[in-house]
Structure formats: C-alpha cells, structure tokens
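> sequence first, then the predicted structure:
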Amino acid sequence: MKKRTRIAAFALALCICAVSAAGCGDKKTADNSSYDKAEKTTTAAVTEEAATEAAQTTEEITTEAVTEAAKEATVPEGLSDKYADLDNRSFIYNGHLFTLGKTTMQEMIDAGVEIKNIGEDKLNEEKRAAKSSDDSFHKTIEGKSISFEFINVTNSAIPARDCVLCKVHLLLTDIALWGEQLEAATDQGVEIAVPSRITKDELIANSGEPTRIDDELNRVDYLVDSQVFNDNSGYRFFFNDGQLSEVRISWLP
C-alpha cells in the first residue's frame, strides 16, 4: 500500500513539473512576441516620422523655390504683365507711375522729373489745341536716354504744363548721341513692363501677333488707329543683335 502511494505521489510530481515547464515555455514565447511587436511598432513609428520630415522638407524647399520664382516674375505695381498692353501705356520713373494720355507735364515735374530747359515761362507758354499728331512738343531729361512729348487734346489753348504725355522714347543701351554720352534708361530709374533684354520671339509670345514686323528696321509694332487724328499710336520695339535695344510708346485719343 505504501509502495502504491509513493508511485502515485511520484507521478503527481512529474505532472506538476511538466505543467510548470509548459507554462514557462508559453511565458517565454509570449515575452518574445511582445518584444517583437514593440520593436515593429517602434520601427514603423520611426519610419513614418522620417517620411513625414522628408515630406515637410521637400514641401518647404518647393515652397521656397516657388516663392523665389514668384518674386522674380513680379510685375511692378501699376504696370501690365503684357509687354505691349495698349490699354495700359504706363512706365515708372524714380518710383513714380506715369501713364500716357493721363499724366501732365506739371505732374511729372511735381514728381521730381527734371525736364531739360524748362522754366516758368516755358511752363506757362500757351499751346494750341492739336489739329494733328504732329502738334506735340518734345522734351528730354539732361544726360539721360529718355525723352518725352506732350500734346494738347482739348478744344482750346492751354498752358504747356497742362498738356498730357503722348510719347516716351527709351534707349535701353548706353549710346553717344548728338555729342552727348547717354546712359541706358533702365539704368536711370526707368521701369517698363517689358524686360530690357528680351528677343523678338519672347515679345511676340507674350503680346501676341504684332501689327507689323519691319525686318529692315529690325522693329516690331503694336499699334491702334487714332479716333481723332489720321495716325496711329502704341508700341514700337527696336532690336539690335537679337535683343531689345529701344522702346517707343505713344498715345493718341
């Protein structure tokens, strides 16, 4: 009887050991599984974070590039993004916007434009109502490759100071003219809608088909007929060695 009891006890002990061993194995496997899961979660998080940072960096670089390009392409306020805009014949000189057909000589002087050989007597000189586009008077700026013409488009005589700007002539390269060395207008505070070093093809691509292309004079015209005079006005672009060298802007009612 004692012998049988000992055998039963021994068998019970073996069963307990087996269960314990199985339990230890399961715990180890569970621990390993938890570690693997945690490691995978951490790796995924790091990878996602790196991808997010890379995307943000790329976005920042792209945004900076677009911003810089936008700055370079920005058109000065008041000017058109169309190089030969017949509805906006304006230019900027020393930070002031002037528009043909609107700006008077007095307004230009008030803005600091130093017109050559002009005084109170010349400003007060009566100018008759224009009968043709030739009834304009010419003025220049001392030592600069910029010249203007003004016209009286009212029905009666008015002082020269009240006549409106009708022509602007801009040389875009340094030149010796009439014994005087003139600097390029764009180096003297002049800004126009058209870049100073474009080609004919770039001009046409921006402003469309011109009114006329004069191959002999190397000139491209964008003109409209006057409603008052037997003439036309608009833009004349001159090219030299393939690049823009001179711009003439005119206005007639």
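Alright, I've got the coordinates.

> can you pull the contacts of residue 186?
Going by C-beta atoms under 8 Å, 6 or more residues apart in numbering, residue 186 touches 170, 172, 192, 196. From N, CA and C alone the C-beta is placed, and that goes for glycine too.

> oh, that last question was meant for residue 232, not what I typed.
Residue 232 touches 223-226, 252, counting by C-beta under 8 Å, 6+ apart.

> over to residue 190?
91-93, 146, 170.

> please redo it, this time with the cut-off set to 6 Å
Counting by C-beta atoms under 6 Å, 6 or more residues apart in numbering, residue 190 touches residue 93.

> what sits opposite it in the beta ladder?
Beta-bridge partners of residue 190, counted by DSSP bridges, are residue 93.

> do you know how far it is from residue 92?
7 Å (C-beta to C-beta, to the nearest Å).

> how about residue 238?
Per C-beta to C-beta, residue 238 is found 21 Å from residue 92.

> run through the residues that contact the nearest residue to residue 89 once chain neighbours are set aside.
Sequence neighbours aside, residue 100 is the residue nearest to residue 89 in space, at 4.2 Å (criterion: C-beta to C-beta, 6 or more residues apart in numbering). Going by C-beta under 6 Å, 6+ apart, residue 100 touches 89, 165, 251.

> and the contacts of residue 186 as JSON lines, adding pLDDT and secondary structure?
Converted to JSON lines, the contacts of residue 186 look like this (pLDDT from 0 to 100; DSSP: H, G, I helix; E, B strand; the rest coil):
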{"residue": "170", "pLDDT": "91", "secondary structure": "strand"}
{"residue": "172", "pLDDT": "84", "secondary structure": "coil"}
{"residue": "192", "pLDDT": "92", "secondary structure": "coil"}
{"residue": "196", "pLDDT": "77", "secondary structure": "coil"}
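
> let's have those in a markdown table, adding distance to residue 160.
Shown next, in a markdown table, are these (distance: C-beta to C-beta, whole Å):
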| residue | distance to residue 160 |
| --- | --- |
| 170 | 22 |
| 172 | 28 |
| 192 | 25 |
| 196 | 31 |
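
> of those, grab the buried ones for ChimeraX.
To isolate the buried ones among these in ChimeraX, judged by 16 or more other C-beta atoms under 10 Å, type:
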select :170,172,192,196
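
> what ranges do the strands span in the stretch 151-253 of the chain?
Listed in chain order, the strands found in the stretch 151-253 of the chain under DSSP state E, counting those that start in this stretch are 158-159, 164-171, 175-177, 180-182, 190-191, 212-214, 219-225, 232-240, 243-250.

> tabulate the ones you listed (a markdown table), appending distance to residue 121.
Compiled in a markdown table, the strands of the stretch 151-253 of the chain are given as follows (distance: least, C-beta to C-beta, whole Å):
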| stretch | distance to residue 121 |
| --- | --- |
| strand 158-159 | 11 |
| strand 164-171 | 21 |
| strand 175-177 | 27 |
| strand 180-182 | 24 |
| strand 190-191 | 28 |
| strand 212-214 | 40 |
| strand 219-225 | 36 |
| strand 232-240 | 30 |
| strand 243-250 | 27 |
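
> and the contacts of residue 186, which is closest to residue 136?
residue 170 (16.9 Å; C-beta to C-beta).

> my read is that that closest one contacts residue 245, right?
No: Residue 170 is beyond contact range of residue 245, at 10.0 Å (criterion: C-beta atoms under 6 Å).

> pLDDT at residue 188, what is it?
Confidence at residue 188, expressed as pLDDT, is 72.

> from residue 140, how far off is it?
12 Å.

> residue 107 - that's part of a helix, no?
Yes: assessed by DSSP: H, G, I helix; E, B strand; the rest coil, residue 107 belongs to a helix.
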